[in-house]
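Undergrad: just to be clear, the model below is a prediction. Sequence and coordinates:
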Amino acid sequence: MSKLLRMEKVSKVFKKGGLEILALKDIDIELFEGEFVCITGRSGSGKTTFLNIAGFLDVPTSGNIFYLDRPVSFSSYDEMTEFRRNNIGFIFQKLYLQSHLTAIENILLPVRYSSYSLSDAEERALELLRSFGLADRRDFFPSELSGGECQRIAIARALINSPKIILADEPTSDLDNRTSVEVMDILKDISENRKASVLTVTHDSSVVPYGDRVFIMDEGMIRLA
């Protein structure tokens, strides 16, 4: 398996007033192609900070990050944004679907700023809708969809640019048990058959068995479960 992402002694310090808050401490972790990794931990343990740095939404205070065994650094915010757009797909806890856009328009949002042609992207969006059983929901607005359907739209949006890494923040939040299983089965299929790596942070113990590897985060440090 190809090694997609590696963190080496990554730490993150936030400054608040005159205080320094250590959110992450000496994180060492590797993520391989097609791997499903779960990270659990209590609130405030550093999971969200970790996910933001893994997804290049934030930068570490110290340490190094490697992508495909090459060190990653950026000379500008725009450069970081472009890298993130082409390589990372996000499934946010709050989903952030646009209420005034239809299902397919929400899926196509990341394409507005990518190199994909619109016609190719629309075909891919339709394929994703079909594969997730939502072909007949393409013109529905989020308010007309169930929670599980909205979650599947969010997953399709994360996949539209064919990223190698999918980051999922509490993917089963606010879903019933049956819908949670459906969503997790989709994410597992992504790692096994689409060869994208899935990294999820979660409080939900039912998610843990899906992981090829499971880590526990506590006070900004990470260890194998």
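TA: Okay, I see it.

Undergrad: ignoring the adjacent residues along the chain, who's closest to D204?
TA: Distances taken as Cβ to Cβ, 6 or more residues apart in numbering put T172 closest to D204, at 4.9 Å, once the chain neighbours are dropped. No exception for glycine: its C-beta is placed from N, CA and C like everyone else's.

Undergrad: the one you found touches V207, doesn't it?
TA: Yes - assessed by Cβ atoms under 8 Å, T172 is found in contact with V207 at 6.1 Å.

Undergrad: rewinding a little: what's near enough to touch the residue nearest to D204?
TA: T172 makes contact with S180, V183, M184, T202, D204, S206, V207 under the criterion Cβ atoms under 8 Å, 6 or more residues apart in numbering.

Undergrad: just the strands from this protein, written as ranges.
TA: Per DSSP state E, the chain carries strands over the ranges 3-16, 19-32, 36-40, 62-67, 70-71, 88-91, 165-169, 197-202, 213-218, 221-224.

Undergrad: just how off-centre is the first one within its chain?
TA: Between the mean C-alpha point of strand 3-16 and the mean C-alpha point of its chain there is a distance of 16 Å (Cα atoms, centre = their mean, to the nearest Å).

Undergrad: let me know the average pLDDT across it.
TA: Strand 3-16 carries an average pLDDT of 94.

Undergrad: and for the second one?
TA: Per-residue confidence for strand 19-32 averages out to 94 on the pLDDT scale.
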